[in-house]
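3D, please:
(chains A, B and C)
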Amino acid sequence: MKSRLPINIINGAGMIIVVVLFLMPFVWMVSTSFKTLGETMTFPPVWFPDQFLWENFIKAWNSGPFLRYFFNSVVVTFGILVLQFCTIIPAAYAFARYTFKGDRFFFGLTMITLMIPPQLIFLPVYLQMSSWGLLDSLWALILPFASSAFGIFLLRQSFKQVPEELLEAARLDEASEGKIILKIMIPMAKPVLITFALFSFITHWNDYFWPLVMTTSDSARTLPLGISKLREVEGGVAWNILMAGNMILVIPILIVFFFAQRQIIRAFVYTGVK
Amino acid sequence: MIGKKAFPYAMITPSMIVFCLFFIYPIGYMIYLSLHDWNFVSPVKDFVGLSNFTSLFSEQEFLEVMRNSLVYTVLTVTLTTGTSLGLAVWLNKQGIVYRFVQGAMFSPHIISLVSISMLWMWLMDPDYGLLNWFLGLFGLPESPWLTDPSTSLLSLVLVAVWKGIGFNALVFIAGLQSIPRDMYEAASLDDATWFRTFWKITLPMLSPTLFFLIIINVISSFQVFETIAIMTQGGPINSTNTLVFYIYEYGFNFFKIGYASAAGVLLLIVVSVMTFFYFRLLSVKVHYR
Amino acid sequence: MAQITLKNVSKRFDDEYVVNNMNLTVKDGSFTVLVGPSGCGKSTTLRMIAGLEQVSEGEIWVDDECVNDVSPGKRDVAMVFQNYALYPTMTVKGNIEFGLTNKKVPKKERESLINDIASIVGLENHLYKKPQTLSGGQRQRVALARAMVKKPKVFILDEPLSNLDAKLRSQMRTELIQLHQRLGTTFIYVTHDQVEAMSMGDEIVLLNKGEIQQNDSPMNVYHYPVNVFSAEFIGTPAMNVFLMEKIMPYTSNIDKDAHYVGFRPEHAAILTTQPYEDSHCITLQGQLLTRETLGSETIYQIKHRAGNFTVKSFLPPLEENNKNVFVSIPYEKLYFFDENKEQDRDHHWKQASSLTVEGM
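Now for the predicted structure:
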């Protein structure tokens, strides 16, 4: 028992260092967001501002059409989510429960799509969108993600685990295919659907790359783009305003993370363990 | 009423349309464009064969871009994977304290790269940044971080590692937890040392996870864009210009579509090779079971 | 209530026949048991009747309607599955109600139907629980209730008792028999357990390799097996069957044209001393190999030069050291089969008459 004490101390100290390394930057972000411009320009840095300047947030919010950005972000994120649910549930059901000519081919297509990152195809998609006149619209941000190969993959696994007998029982109960999906498959796959929804929401809420490529004006820009524009304020960077702006972007996600830590970790680690 | 035969096709059609329109077709289109010279506004696309590729490789700037991408990828992947493996083995325990530490490590993964980039720009600020103050505390010389070509790429690697460790460690932990306990019990009955147990049991059992993480880390490192676009814009002196940023600049700022597409095809090759390995790995994994 | 007719029904998977040219009539109101070893096609037959499996050839009729192209939900059949197949996300009530809602039964009627059924199967207090919280027997009752509430023409039960422990199984067996008597509906029941088949069915359809071996009442199947398979499958322990030529040396009064001869273990008497010569019996001398005492009965394995065989006796067990025993079987209890393992017709009526006499 005696020998365990120093190991515990080393262990504990190590964990404190890890936590500091990962959380300190966020603490610094919060602290900066309440400082005056002068306080950001002192060296050595001050940890606690003299008084909490809430107006930094108002300044950040008013420095651009942030209501617009926010609105766009909400529309894009939820638009994607709703469309994805409408497309991946039937597709996953078909892949999990039917054998049809070409099913392997189409599933292969899905798996290939799963491996194609947006960074690879943004240029041709941009040209396509421009020829359809959809550039700089929310459609350009939503449509390419109207379905999700990852979602189909995840949901198919979970649909496959529903015993066949259950579906046969439902068919004998005169349930239509739609009713089977709605009343049996979806309730049984609920944890996976929640997991996927969290994954998709966080991914698209945070996305910077795609809106950057597809939009040219504030009318279609989303929150991450708006926040990144804060940097281009005249007369050098005002770090306090910038950090306040980023708080607006980060806080909602951190709150969600706090309440659904387990599901979120599972949602992202799933990608890793599949 | 849809016929019975047509039913599954109807179910997958919406998704397949999305995939073909926005993922499969664009790849073909990109390959097509890479063989042409086009400036986006001109009505004609001149077929130029492989000359976009040959001129890419004869250009000093592009060779630097490839070197940057390679260095960035190798450093990021080795540091992320190695560190997170160590952390995973250490922190693979139950209990609220460990859950908290795991959660803290993971938190950067769900934060927007915009915020991460800006936060680290601020931390790395050469005059008022927290990092230089920190170095000073330990009596170390201050670093120019992003503002000097000699340290800028390494600074970006640091950010990527910081962001990636938590995710990697948690995937490792999931892998560790899938190793059957009785293997460790057998090893301890065989009086194996911790070190031997790690080398002979943990690591081999973890190898599918390890390879998997290396592959997806390579793919995502080759695609790095956000941190560069926000923190350095490829500078100073092209020292942090990497593949996707290069494609973006040539496509959107210089309107050399064919040129940018050719670079895109190179990225496609990297991703394809990695994907090939990934599917090979998947099929091996299936064999195991 | 309905009569079900299978006309030349076959089921192929690729080129392999699972069910081959089957003709069968399930009588209205009967309790018909499909029984056979695993892979004999009994479940496939059942699933074709339910509509869960398409027939490859032939027709299935329910009363005077050919239902080949009728979807399962519209066939007016209800099924109880081996693993119950209860919807885990719904309550007991939701499970029972699901089919009614799909049939668009008005809410008021649904409520009264569910309450009636629940009290019949004794689930009144569990209506709002999820199936996972119930015991095996209770789940079985939910599955029954779900099937009953639809008032189907035909009940289809696919090995419904195989997941229950022995005690509960025999209890549910009696309950199912009572349920059948009460409803008067046609029951089609699949099992691989011949005890279940014998005890529950009023009609047994014995299947092997996709073909019907025998279709008769349980007692007839037991007393008049039409072939060796039937003789060996029904009855525990199985009937002892020998090649005729192996037995010939030990007897003199048997006709020679049969190819196989058999007797049931329970029809033989086992003695420790040589019995008197009896022209009505065949006597085999053998060695006692093993003895299983089951309380009311004893089963002996006996080694004989014609081959090992089994004898079941209801007398007090023999001492183990009686290595040499004599087994005698009355001639009228012998079964004869021809070279195709079919019942030898000449002997058939002879035995039938003698048994009829005995039965009176």
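
how about the strands in chain B?
B:36-37, B:46-47 (DSSP state E).

Comparing those, which comes out most buried?
Highest mean neighbour count among the strands of chain B (mean count of other C-beta atoms under 10 Å in any protein chain shown): strand B:36-37, with a mean of 18. Every C-beta, even on glycine, is put in place using the N, C-alpha and C of the backbone.

From the rest of the structure, what touches that one?
By C-beta atoms under 8 Å, 6 or more residues apart in numbering or on different chains, the residues outside strand B:36-37 that reach it are B:45-48, B:51-52, B:257-258.

who wins for neighbours among those?
B:Ile257 (27 neighbours; other C-beta atoms under 10 Å in any protein chain shown).

check contacts around it.
B:Ile257 makes contacts with A:123, A:127, B:33, B:36, B:38-40, B:251, as judged by C-beta under 8 Å, 6+ apart.

pLDDT weak spots in the stretch 151-274 of chain A?
A:233-236, A:270-274 (pLDDT under 70).

Spell out which parts of it neighbour chain C.
A:163, A:165-166, A:168-176, A:179, A:183-184, A:187-188, A:190 (C-beta under 8 Å from any C-beta of the partner chain).

mind redoing it with 7 Å?
Within the stretch 151-274 of chain A, the positions near chain C by C-beta under 7 Å from any C-beta of the partner chain are A:163, A:165-166, A:168-169, A:171-175, A:179, A:184, A:187-188.

which of the residues you listed come close to chain B?
Within these, nothing lies near chain B by C-beta under 7 Å from any C-beta.

Sort out for me which of those are in helices.
Secondary structure from DSSP state H places A:165-166, A:168-169, A:171-172, A:179, A:187-188 of those in helices.

Quick one: buried ones out of those residues?
A:165-166, A:168-169, A:171-172, A:188 (16 or more other C-beta atoms under 10 Å in any protein chain shown).

Which one of those is nearest to B:His109?
Nearest to B:His109 among these is A:Met188, at 28.8 Å by C-beta to C-beta.

residues touching that closest one, list them.
Neighbouring residues of A:Met188 by C-beta atoms under 7 Å, 6 or more residues apart in numbering or on different chains: A:162, C:88-89.

could you list every residue that touches the residue in the stretch 101-250 of chain A that chain C sits nearest to?
Nearest residue of the stretch 101-250 of chain A to chain C: A:Glu174, at 3.1 Å (C-beta to the nearest C-beta). Residues near A:Glu174 by C-beta under 7 Å, 6+ apart: C:73-74, C:99, C:102-103.

What distance do you get for the residue lying closest to it once chain neighbours are set aside to chain B?
The shortest distance from A:Glu174 to any residue other than its chain neighbours is 3.1 Å, reached at C:Gly73 (C-beta to C-beta, 6 or more residues apart in numbering or on different chains). Computed with C-beta to the nearest C-beta, to the nearest Å, the distance linking C:Gly73 and chain B is 14 Å.

give me the number of residues near C:Gly73?
C:Gly73 is flanked by 19 other residues according to other C-beta under 10 Å.

Same question for the one 3 residues further on.
Neighbourhood size, C:Asp76 [other C-beta under 10 Å]: 17.

Can you get me a residue count around the spatially closest residue to it that is not a sequence neighbour?
Of all residues not flanking C:Asp76 in the chain, C:Lys153 sits nearest, at 4.3 Å (C-beta to C-beta, 6+ apart). Number of residues near C:Lys153 (other C-beta under 10 Å) recorded here: 18.

Enumerate every residue touching C:Lys153.
Shown in contact with C:Lys153 (C-beta under 7 Å, 6+ apart): C:1-2, C:62, C:76-77, C:186.

List only those of those flagged as buried.
If you count burial by 16+ other C-beta under 10 Å, the buried members of those come out as C:2, C:62, C:76-77, C:186.

Filter those residues down to just the ones in strands.
Those of these lying in strands (DSSP E): C:62, C:77, C:186.

Could you list the buried residues of stretch C:116-134?
By neighbour count on 16+ other C-beta under 10 Å, the buried set for stretch C:116-134 is C:117-118, C:120-121, C:123, C:126-127, C:130-131, C:134.

Between its first and last residues, how far does that stretch reach?
Start and end residues of stretch C:116-134 are separated by 20 Å (C-alpha to C-alpha, to the nearest Å).

List of residues touching it?
For stretch C:116-134, using C-beta under 7 Å, 6+ apart, the contacting residues are C:86, C:88, C:91-93, C:95-96, C:138-139, C:141-142, C:144-145, C:148-149.

Can you name the two of the buried ones among the contacts of C:Lys153 that sit furthest apart?
Greatest spacing in these, by C-beta to C-beta: C:Asp76 and C:Thr186 (10.7 Å).

tell me which residues in the one helix or strand A:His204 maps to are buried?
When elements are assigned from DSSP states H and E, A:His204 belongs to helix A:190-206. In terms of neighbour count (16+ other C-beta under 10 Å), helix A:190-206 has its buried residues at A:192-193, A:195-206.

Now do it: everything it contacts.
Residues contacting helix A:190-206 (C-beta under 7 Å, 6+ apart): A:73, A:76-77, A:80-81, A:84, A:145, A:148, A:151, A:154-155, A:158, A:186, A:224, A:253, A:260, A:263-264, A:266-268, A:270, B:110, B:112-113.

that older thread, write the ChimeraX selection for whichever of the contacts of B:Ile257 are buried.
Once 16+ other C-beta under 10 Å is used to decide burial, the buried members of the contacts of B:Ile257 can be selected in ChimeraX as follows:
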select /A:123,127 /B:33,36,38,251
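
With respect to pLDDT, which of the contacts of B:Ile257 ranks lowest?
On pLDDT alone, B:Phe40 ranks lowest of these, at 76.

now that residue: how far from chain C?
Distance from B:Phe40 to chain C, by C-beta to the nearest C-beta: 53 Å.

ok, that residue - contacts?
Counting by C-beta under 7 Å, 6+ apart, B:Phe40 touches B:255, B:257.

Kindly recompute the last result at 10 Å.
B:Phe40 makes contact with A:126-127, A:130, B:251-252, B:254-257, B:260 under the criterion C-beta atoms under 10 Å, 6 or more residues apart in numbering or on different chains.

What are the buried residues along stretch B:138-157?
Across stretch B:138-157, burial judged by 16+ other C-beta under 10 Å covers B:143, B:145-146, B:151-157.

just checking, what packs against the helix or strand containing A:Gln128?
Taking DSSP H and E as the definition, A:Gln128 sits inside helix A:118-131. If you count contacts as 3 or more C-beta pairs under 10 Å, 6 or more residues apart in numbering or on different chains; DSSP states H and E, helix A:118-131 packs onto helix A:138-142, helix A:209-214, helix B:25-34, helix B:203-222, helix B:243-248, helix B:257-288.

could you check the angle helix B:203-222 makes with it?
Relative orientation of helix A:118-131 versus helix B:203-222 (axes from the mean of the first three to the mean of the last three C-alpha atoms, to 10 degrees): 30 degrees.

how about helix A:118-131: buried residues?
So for helix A:118-131, counting by 16+ other C-beta under 10 Å, buried means A:118-129.

what's the closest of the residues you listed to C:Arg12?
Within those, the smallest distance to C:Arg12 is 46.5 Å, found for A:Ile121 (C-beta to C-beta).

how about the nearest residue to that closest one once chain neighbours are set aside, what does it touch?
What sits nearest to A:Ile121 in space, not counting adjacent residues and going by C-beta to C-beta, 6+ apart, is B:Pro26, at 4.1 Å. The contact partners of B:Pro26, taken as C-beta under 10 Å, 6+ apart, are A:116, A:120-128, A:144, B:20, B:33, B:264.

Much appreciated, bye for now.
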